[in-house]
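Colleague: For reference, the sequence and a predicted model appear below.
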Amino acid sequence: MKSALVIGATRGIGKQIALKFAENGYKVCVAAKTTEHSDKLPGTIFDVAKEIKDKGGDAKPVKCNVRKEDDIASTVQECIDTYGSLDVAVYNAGAVLWNSVIETPLKRWDLMNEVNARGAFCMVQNILPHMLERKKGRLILVAPPIYNRFFKGKTPYSMTKVAMTVLVHGLANELTGTGVSISALWPATVIESHVTQVRNLAPAYMRKPTIFADACFQIAEETTEKLNGLALIDEDYLRSEGVTDFTKYRCDPQQEPDRMMPIKFPTLLVQEEMNDPPVTSKL
């Protein structure tokens, strides 16, 4: 039986990812910071683990504050110790503030950077030795493709999320031929979540988190390296795998939500892509 670690698994997309893996026979480590329910942050790691177990699945709740390196390291180790191995690790933890540069306090940027970029980097660093030793494993980061329009109105936030995407593109070069791969995944439309509920966003604008979870699971099940280093969009990836009917993902059964992501993304490759950089030794 395979096993998965989902960091940021108490609500929304993260919870649905954990449920999706469990429904398909994975043993799941449900990791997040929330251990007590509140009106501001409903749901806990124990609630998600119980829901999985009530459905006949295998889940282990693990408290993890991604701003603490030791928490991430101990979470990875506890999951490996519990299940013997980890086949998949998903980093869904995130901090969000969509403000301009001048309106974003440095303290808030630090928070976003610690949760988004630093936390993802820390998880990857801690789990890589295990996966490389086994010569198998899938790393999935919730991060966007890189394109200019994404930055508009939210440059500070974008800096911390795009750093995750750079990790995906860059690490892929180091993972080629190892049996381990890393991919980024991002939604094509707004996804229903606690935040959208609080803001009373109309259902017609959103899809259910099941679309993202389905795409995430499909990536995890890919046996080749073809997704290594790619920044994927949930809808586009599922279409490439033969999915044609997306009506089941609508929050409003009568309305297909508008796409918030571009149809086509710019390539980051250059003509000299295969040439070695002029300085390769450590400085």
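Modeller: Structure's in. What do you need?

Colleague: tell me which residues of stretch 169-186 are tucked away?
Modeller: Going by neighbour count (16 or more other C-beta atoms under 10 Å), the buried part of stretch 169-186 is 169, 171, 172, 175, 180, 181, 182, 183, 184, 185, 186. To be clear about C-beta, it is placed using only N, CA and C from the backbone, and glycine gets the same treatment.

Colleague: Spell out the residue ranges of the helices in this structure.
Modeller: 12-23, 45-54, 69-83, 106-113, 119-134, 155-175, 194-198, 210-221, 234-240 (DSSP state H).

Colleague: Nearest to residue 277 among these would be which one?
Modeller: Smallest distance to residue 277 across the helices of the chain (C-beta to C-beta): 11.5 Å, for helix 155-175.

Colleague: hang on, the earlier thing: out of the helices of the chain, which is closest to residue 140?
Modeller: The nearest among the helices of the chain, by C-beta to C-beta, is helix 210-221 at 5.8 Å.

Colleague: Model confidence for residue 179, exactly?
Modeller: In the predicted model, residue 179 carries a pLDDT score of 98.

Colleague: Spatially, and excluding backbone neighbours, which residue is closest to it.
Modeller: Nearest residue to residue 179 in three dimensions, chain neighbours excluded: residue 135, at 3.9 Å (C-beta to C-beta, 6 or more residues apart in numbering).

Colleague: who are the neighbours in contact with the closest residue to residue 243 other than its chain neighbours?
Modeller: In space, residue 243 comes closest to residue 214 once its chain neighbours are excluded; the distance is 8.0 Å by C-beta to C-beta, 6+ apart. For residue 214, the contacting residues are 20, 234, 238, 243, by C-beta atoms under 8 Å, 6 or more residues apart in numbering.

Colleague: Pretty sure the residue nearest to residue 179 sits against residue 177.
Modeller: No. Contact status for residue 135 versus residue 177: not in contact, 9.8 Å apart, counting by C-beta atoms under 8 Å.

Colleague: shaky segments in the stretch 151-283 of the chain?
Modeller: 279-283 (pLDDT under 70).

Colleague: repeat that for 80
Modeller: Residues of the stretch 151-283 of the chain that meet the criterion pLDDT under 80 lie in 276-283.

Colleague: The spatially closest residue to residue 122 that is not a sequence neighbour: what's it in contact with?
Modeller: Spatial nearest neighbour of residue 122, excluding adjacent residues (C-beta to C-beta, 6+ apart): residue 72 at 4.7 Å. Shown in contact with residue 72 (C-beta under 8 Å, 6+ apart): 7, 64, 66, 119, 122, 123, 126.

Colleague: now with 10 Å?
Modeller: Taking C-beta atoms under 10 Å, 6 or more residues apart in numbering, we find residue 72 in contact with 7, 31, 64-66, 91, 93, 118-127.

Colleague: How much space separates it from residue 84?
Modeller: 20 Å (C-beta to C-beta, to the nearest Å).

Colleague: Ok, residue 224 next?
Modeller: For residue 224, the distance to residue 84 - C-beta to C-beta - is 25 Å.

Colleague: coming back round to it: which of the buried residues of stretch 169-186 sit farthest apart?
Modeller: 180 and 186 (21.2 Å).

Colleague: for the residue most central in space within the chain, what are its contacts?
Modeller: The residue lying closest to the centre of the chain (C-alpha atoms, centre = their mean) is residue 142, at 2.7 Å. For residue 142, the contact set (C-beta under 10 Å, 6+ apart) comprises 7-8, 13-14, 17, 90-94, 116, 120, 161, 164, 184-187, 212, 216.
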